[in-house]
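In: Sequence plus predicted model, see below.
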Amino acid sequence: MARLKGTLNFTGSIGNLSAYTNRTIADTLLRSKGGPSKKQIKKSPRFKNTRKNNVEFSGSSTTAAAVKAAIGYLEYVDHTSFQSRLVKICNCMKVLDTENEKGQRSYYVSSCRYWLEGFQLEMGTQFDSIIKHPLQCSIDRNEQSASIFVPALFPKIGLYVPGKFSFYRITAVLGIVPDMKYSGRGYDYEPINSNIQLWHADLSTVWFSTAEICAEQNLILQIQGQTNMSDNDSLVLTVGVEFGVALSANLIRPITNAGAAKIMAVA
């Protein structure tokens, strides 16, 4: 793969070359066309393993998408294509399935929940670099609830502000991630628990001044409604810090290119 620089810059195809852009890379990328046709990959015995790998990649992507959905509203605090990082983690989960053959293996998030703990979403500064003191987080599966204890935050001691921001708040999201199985239809994967309802809960504090001491807080959030959770489903707790700008005396808007979040616990 090559990169285009200088005055010669385009996207599209010229002869055997294809130029395209990627939002995570500033330059235009250049690659040559070629390789097997879609029909060959779909039908030829030579590409049997490729087809199996493609099916399981779909499983990794579907599982990663479920984690992303559980993160919910807080996904906006990451400026990168963080789902690709989730796909890498989820792709490793297939080795935990020793019953199904390659190309049909399941993704058991419930067997490796701790793999997701500590996953970061950030805009250049990670959550632990903004909120210096560790948060105490716990999840109650029976109640479908979570609690987060935030200690008192002193500016420049417990709270680091990576920019000239005037306000901040803490936001928590509790979501459900199901284990995934191959559906038997093409590249499709589906929840092992077919009755699961993927509800989530979110909660934000009031906006605080970045120049003032914030007293300790205990946040509690609970998923409402019947979710039909089973042992094949996991609760994911994500906590984020958002920065805001005042639009009026009573209205503060979150800033899209600031903040950070972290998956604190999975149960």
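Out: Thanks, I have the structure now. Numbering: from 1, shown residues only.
In: Surely Leu74 is in a helix?
Out: Yes. Applying DSSP: H, G, I helix; E, B strand; the rest coil, one finds Leu74 inside a helix.
In: Compute the number of surrounding residues for it.
Out: 24 (other CB atoms under 10 Å). Bear in mind the C-beta positions are built from the backbone N, C-alpha and C, glycine included.
In: repeat for the one 5 residues further on
Out: Neighbour count of His79, defined by other CB under 10 Å: 15.
In: One more: Tyr76?
Out: For Tyr76, the neighbour count with other CB under 10 Å is 17.
In: List the single closest residue to it in space, sequence neighbours excluded.
Out: Thr256 (6.3 Å; CB to CB, 6 or more residues apart in numbering).
In: That neighbour: what secondary structure?
Out: coil.
In: Now do the same contact list for Glu56.
Out: Neighbouring residues of Glu56 by CB atoms under 8 Å, 6 or more residues apart in numbering: Asn91, Lys94, Lys102, Gly103, Arg105.
In: do Ser106 as well
Out: By CB under 8 Å, 6+ apart, the contact set of Ser106 is Gly59, Lys94, Asp97, Asn100, Asp179, Met180, Lys181, Tyr182, Ile192.
In: So it versus Arg253, what's the distance?
Out: As for Ser106, its distance to Arg253 is 42 Å (criterion: CB to CB, to the nearest Å).
In: swap in Leu237?
Out: 25 Å.
In: and these two? which has more neighbours close in?
Out: Leu237 (26 against 12).
In: Just confirm the more buried one contacts Ile139, I think it does.
Out: Yes. Counting by CB atoms under 8 Å, Leu237 touches Ile139, with 5.6 Å between them.
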